[in-house]
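Undergrad: generate a structure from the sequence data that follows.
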Amino acid sequence: MTNQPDVGLDWARHAIAFDAARLPEPVAHITKLSILDTLGVMLAATAFSESILRPVVGFVQDSAGRPQSSVAVFGPKVPTAMAAFANGAMAHCLDYDDLTHDIALHPSSSTVPIALAMAERVSSAAGEPGGTGEPLASGPVPGRELLAAVAIGNDLSTRLGDSIVWKSDWFTTPLFGFFSATLTAARIAGLDVDRAFNAVGIAFCQAAGTLEMRRSTGSDIAGIYGAWPNHGAAVAVELAARGVPGIARAFEGETGLYQVYFGGEYDRSQLVDGLGEDFRGDRVSFKPWPACGITHNPIQAVIDLVVDHDLSPDDLAEIRVLTGNENCWALCEPLDVRRRPPTAMDARYSIPYTVAAAAVTRDVRLGDFTADALRRPDVAAVADRVVPVFDPELRRSEPIPPATVQIDTTDGRTLRTTVEVSYGRAPDRPMTEADVVAKFRDCASFAAVPFPDARVDEIVDAVLGLEDLPDAGVLAPLLVP
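TA: Okay, the predicted model is just below:
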C-alpha cells in the first residue's frame with residue numbers, strides 16, 4: 001500500500017478535463033459505431049425480451065417522478081436514474097452488444113444508456129435545483145462532448161479489465177461498469193473534478209455482480225445487468241452534485257476494490273499509462289450473432305463446415321465441440337438444459353443450442369431465441385447430436401478460446417475445423433461501418449413499436465454525425481417513436 005492518491009482521482013481529473021477536440025479520429029469513429037450498435041440492440045430487445053423488459057418498464061413507470069429522460073420505445077419521460085435503469089436493462093438483453101474479446105467485457109452497455117439519459121436531462125433542464133448542493137449543468141450538450149464522455153467511459157472499463165488477471169468469478173462488465181458509467185455521466189452533467197471523484201466513491205458503494213448469474217439457468221436476469229450500473233451512475237452523480245462525499249480510496253484502499261475483489265493483484269500502469277492518448281475502448285468488436293461471445297467461434301466453425309460441404313440437418317450424425325477451456329465448458333453443462341434451454345438467455349449461453357441453430361439455418365438470428373424457436377423440433381433434433389468434449393490437450397486460458405468442431409456425417413465422413421477468430425472480431429475480422437449500420441436497421445425493424453424509415457435514418461445520421469450535432473439531448477427522444 002502507498003500514500004499516493006487513489007487512481008480514481010486520476011480518472012476523475014481526466015474525465016472532466018479532457019478536451020473533446022483531442023479525441024483521436026479513429027476512436028471517435030469506433031465510439032460512434034458503439035453508440036449506434038447499442039441503440040439498435042436496445043430497440044430490438046423491446047420485441048425479443050419483452051417478458052423481462054415489460055416488468056422492468058412497468059416498475060420504472062410506476063416509480064416515475066420528474067419527467068427528465070426518455071425510456072426507449074415505451075416512453076414517457078421519467079427521472080433520469082429510472083430511465084437509465086430501463087434503457088440499461090435493454091442494452092444487453094440480447095447479448096448482441098459490443099464486446100472486447102480478450103477481456104470478455106461489454107463496455108458500451110454501461111455507458112451509452114446513461115450518456116443519452118443524462119444528455120437529455122441536462123439539455124432540457126433549466127437547471128434542476130440540487131437540494132443543498134449545486135444543480136447539474138443545464139443547456140445543450142454538444143455531440144462531441146457526449147462522444148468524448150462515452151469514449152472515456154469505455155476506455156476506463158477496458159483499462160480496468162486490463163489491470164487484472166481475468167478469472168471466472170466476478171462479472172467484470174457490470175462491476176467495472178459502475179465506474180465507467182459514473183464518469184461518463186459526471187462529464188455530461190458538468191461536475192467539477194472534486195464532485196466527479198466523490199461520484200466514483202459513491203459508485204463503489206453499489207458496485208457488484210458475479211458470474212453466477214451466467215452459470216445459473218432458468219432466469220433471464222443476466223440479460224438486464226446493464227440496468228444497475230447505469231442507474232447506479234445516475235444516483236452517484238446526483239448525490240455528488242448535491243455535495244455528498246464519496247469514499248476517497250475506492251480502488252486502492254486497504255479494503256478497496258482491488259484488495260477485496262481481486263486479492264490486491266492488479267497492474268496500476270494499465271490504468272494510467274497513456275491516459276488521454278491511448279483509448280483502449282477502440283478494441284471493441286461488434287457482434288454478428290445475438291449470443292454470448294464464447295459461442296461465436298463454435299458457431300463460425302459449424303457454419304463453415306455446413307456451408308463448405310453443403311450439409312443438411314439430415315446429413316449430421318454427430319457434432320463434437322472440443323474445448324479445454326473452463327469458460328467454454330460452462331456453456332455446455334448441464335447438457336440436458338443446454339440442449340433444451342428453458343429461457344432465451346439460457347439459449348444465448350448454450351453452445352449445444354447455438355451450434356444446432358447454426359447447423360440448421362446456417363446463421364444465428366434474433367428469431368432463433370423466441371419462445372417458439374426454442375421449441376423447434378428440427379433444431380432440437382440437431383442439438384441432441386451436439387456432443388461437447390473437454391480435452392485437456394486443448395487447454396486455453398483466454399476468456400474466449402478458439403473452437404474445434406468435428407462433424408461426423410451420416411454417409412461416414414469426418415469433417416473437422418478450428419476457428420481462432422470468428423467474423424466480427426476486431427481487429428482481424430471486424431464488422432465494417434456498413435455492417436453496423438445494416439445491423440442497426442435490422443434491429444430497429446423489430447422494435448415493439450414500429451419506427452418509420454425516416455426516423456431510423458434520422459437516428460443513423462445523428463449518431464454518425466455526432467461531432468457536428470449541436471445538442472446530443474435530442475438522441476434519447478428519437479428512440480421513442
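Undergrad: so how far is stretch 425-432 from its chain's centroid?
TA: Taking Cα atoms, centre = their mean, to the nearest Å, one finds the center of stretch 425-432 at 17 Å from the center of the full chain.
Undergrad: okay, buried residues for that stretch please.
TA: R425, A426, P430, M431 (16 or more other Cβ atoms under 10 Å). To be clear about C-beta, it is placed using only N, CA and C from the backbone, and glycine gets the same treatment.
Undergrad: give me the average confidence score over that stretch.
TA: Averaged across stretch 425-432, pLDDT comes to 95.
Undergrad: same thing with stretch 348-357?
TA: On average, stretch 348-357 scores 97.
Undergrad: residues in contact with it: which ones?
TA: Stretch 348-357 has contacts (Cβ atoms under 8 Å, 6 or more residues apart in numbering) with 94-95, 214, 222-223, 289-292, 294-295, 298-299, 302, 319, 321, 328, 331-332, 335, 337-339, 341, 347, 364, 368-369, 373-374, 379-380, 382-383, 385-386, 388, 405.
Undergrad: likewise stretch 261-270?
TA: V7, R159, D162, S163, I164, V165, W170, L175, E252, Y258.
Undergrad: restrict it to CA atoms and write it as PDB.
TA: What follows is stretch 261-270 as a C-alpha-only set of coordinates in PDB (Å, rounded to 0.1, in the frame of the first residue of the first chain):
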ATOM      1  CA  TYR A 261     -12.400  -8.200  -5.100                       C
ATOM      2  CA  PHE A 262      -9.000  -9.200  -6.600                       C
ATOM      3  CA  GLY A 263      -6.800 -10.000  -3.700                       C
ATOM      4  CA  GLY A 264      -4.700  -6.900  -4.200                       C
ATOM      5  CA  GLU A 265      -3.300  -8.200  -7.500                       C
ATOM      6  CA  TYR A 266      -3.500  -5.500 -10.200                       C
ATOM      7  CA  ASP A 267      -1.300  -3.600 -12.600                       C
ATOM      8  CA  ARG A 268      -1.700   0.100 -11.900                       C
ATOM      9  CA  SER A 269       0.200   1.100 -15.000                       C
ATOM     10  CA  GLN A 270      -2.700  -0.300 -17.100                       C
END
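Undergrad: average model confidence for that stretch?
TA: 96.
Undergrad: check stretch 101-111 too.
TA: 94.
Undergrad: hmm, back to that, closest to A236 out of the buried residues of stretch 425-432?
TA: A426 (30.7 Å; Cβ to Cβ).
Undergrad: if you skip the residues just before and after it, what's nearest to that closest one?
TA: Excluding the flanking residues, the one nearest A426 by Cβ to Cβ, 6 or more residues apart in numbering is S285, at 4.4 Å.
Undergrad: count the residues that sit near that neighbour.
TA: 24 (other Cβ atoms under 10 Å).
Undergrad: quick check: beta-bridge partners of it?
TA: Beta-bridge partners for S285, by DSSP bridges, are L99.
Undergrad: state the distance from it to A181.
TA: Using Cβ to Cβ, to the nearest Å, we find S285 at a distance of 20 Å from A181.
Undergrad: how much space separates P313 from L479?
TA: P313 is 39 Å from L479, by Cβ to Cβ.
Undergrad: and L366, how many neighbours does it have?
TA: L366 has 20 nearby residues by other Cβ under 10 Å.
Undergrad: ok, back up a step: just the buried members of the contacts of stretch 348-357?
TA: The neighbour count (16+ other Cβ under 10 Å) marks 94-95, 214, 222-223, 289-292, 294-295, 298-299, 302, 319, 321, 328, 331-332, 335, 338-339, 341, 347, 364, 368-369, 373-374, 379, 382-383, 385-386, 388, 405 as buried among those.
Undergrad: and the residue nearest to A426, what is it in contact with?
TA: D98, L99, T100, H101, G293, G424, R425, A426, P430, M431.
Undergrad: packing partners of the helix or strand of the chain with the lowest mean pLDDT?
TA: Of all helical and strand segments in the chain, the minimum by mean pLDDT, DSSP states H and E falls on helix 212-215, at a mean of 81. Other helices and strands packing on helix 212-215, by 3 or more Cβ pairs under 8 Å, 6 or more residues apart in numbering; DSSP states H and E, are absent; none qualifies.
Undergrad: so P452 makes contact with P481?
TA: Yes. Judged on Cβ atoms under 8 Å, P452 makes contact with P481 at a distance of 7.2 Å.
Undergrad: can you flag which of the contacts of stretch 348-357 belong to strands?
TA: I319, V321, V386, P388, V405 (DSSP state E).
Undergrad: so the fourth one bridges to which residues?
TA: Pointing back at P388 there. V321.
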